[in-house]
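# Would you be able to build a 3D model of this:
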Amino acid sequence: MTQGADGSPGRRTVLGAAVLGTAALGLASTAARADERDSGHGSYRDLPSPTVIAHRGASGYRPEHTLGSYQLALDMGAHVIEQDLVPTKDGHLVCRHENDITGTTDVAAHPEFASRKTTKSIDGVSLTGWFTEDFTLAELKTLRAKERIPANRQENTLYDGRWGIPTFEEVLRWAEKEGRRRGRPVWLHVETKHPTYFRGIGLGLEERLARLLRRYGRDRRNSPVFLQSFEPSSIQRLAGLVDSPRVVLLSAANTRPWDFVQAGDPRTVADLVKPEGLKWIASYAQGMGPTLDLIIPKDANGKLGTQTTLVRDAHAKGLILHPYTMRNENTFLPADFRRGTDPNAYGDAFGAFKVYFETGIDGIFTDNSDTGLLAAADFRG
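Take a look at the predicted model:
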């Protein structure tokens, strides 16, 4: 069965991608050795280029932000594994894309939590559901994870209920164990979600995250971790707590980071991607994670247009670029690379990867690490 017809990776594909990922890491090892003598790890600039970042783990094949998703991405050979962090009622950091866990867990099937369903305003958006900050860690541990977009990824529902919600500390322990087994550090890409909102309810993320990073030795300049947020003030706060590499995430050009909205800062993302805005970001961060549309905008028909100057301008300020997100399914691809009429079938993801890599980006987030690794290998020749 072809990859387009079967949404799960074949054994040969997975093993091949893992070999490619391991070989690519080996290319960087020589340059990293001098740094390793001092810090125990290489610099983020020694990672393979383009760097393949597993978006929420291997979320194209397993329910996102589960240990199963992280493990599969690592086994495929992904260079960096992403986590999104939200807090529990009792202050633990857990890995969920959102604090609203209605669509990613079986919480609705738990009658004992029926009364917890509520409506909240999160970053100006009204949401009704169940939220991590209303549960203790012990209560969250009674829930099971499930596929977030089952209509698009029907095969992933096979794994519904197989894994629970991991804490970030559990992920750090997993990364340590896998790093020892593989003889190299496991790189993580860690996002603070809705930090202004959580600080406002007494559950600030940054200090909790910094304590864990220090406890597990990932608080230094060359530690194998990126810290990321859509709110620049969260990255600035982290810069005062740890020396780990930091990345500012950027959404659509006409949007404003929520902390800007709250602080009355009139700047939009369009302002931040101008040279002056990039200079400001470079004063406290080492990189940026723009949406792919800031690299190459799409026209009204969803086709790719002309590349912007963002890659060139960001590199001129010393910033690396890790844009998001590449997925294999037609519905998520630029119209140029869709194939057939089924929105959930695989399109020409390799073609799209090639176009984005040609822009000069340093890495990319993808739900399909095996596809990204093969595309990166093709690009490097």
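# chain center to the stretch of helix or strand Leu212 belongs to: distance?
Assigned by DSSP states H and E, Leu212 belongs to helix 205-215. Centroid displacement of helix 205-215 relative to its chain, using C-alpha atoms, centre = their mean, to the nearest Å, is 18 Å.
# How about Arg153: what's its closest non-neighbour residue?
Excluding the flanking residues, the one nearest Arg153 by C-beta to C-beta, 6 or more residues apart in numbering is Glu147, at 5.8 Å. Heads up, the C-betas are built off the backbone N, CA and C, glycines and all.
# number of nearby residues for the residue lying closest to Asp342 once chain neighbours are set aside?
Spatial nearest neighbour of Asp342, excluding adjacent residues (C-beta to C-beta, 6+ apart): Asn330 at 6.7 Å. Residues lying near Asn330 (other C-beta atoms under 10 Å) number 22.
# For the remainder of this discussion, apply numbering that starts at 805.
Sure, I'll start numbering at 805, so the last one becomes Asn1134.
# residues near Ser853, how many?
Ser853 has 19 neighbours, counted by other C-beta under 10 Å.
# For it, which residues are in contact?
By C-beta atoms under 8 Å, 6 or more residues apart in numbering, the contact set of Ser853 is Asp1166, Gly1167.
# Assign it to helix, strand or coil.
coil (DSSP: H, G, I helix; E, B strand; the rest coil).
# Same question for the one 3 residues further on.
For Val856, the assignment made with three-state DSSP gives strand.
# With adjacent residues omitted, what lies nearest to Gln1111?
Ile1100 (5.1 Å).
# so what's that neighbour up against?
Ile1100 makes contact with Leu1108, Gly1109, Thr1110, Gln1111, Thr1112, Val1159, Tyr1160, Thr1163, according to C-beta under 8 Å, 6+ apart.
# Need the residues that contact stretch 1054-1064.
Around stretch 1054-1064, the neighbours that count as contacts under C-beta under 8 Å, 6+ apart are 927-928, 998-1001, 1034-1038, 1069-1074, 1076-1077, 1092-1095, 1097-1098.
# That stretch: which residues count as buried?
Across stretch 1054-1064, burial judged by 16 or more other C-beta atoms under 10 Å covers Leu1054, Ser1055, Ala1057, Arg1060, Pro1061, Trp1062, Asp1063, Phe1064.
# OK, contacts around Arg1142?
Listed by C-beta under 8 Å, 6+ apart, the contact set of Arg1142 reads Asn1134, Gly1151, Asp1152.
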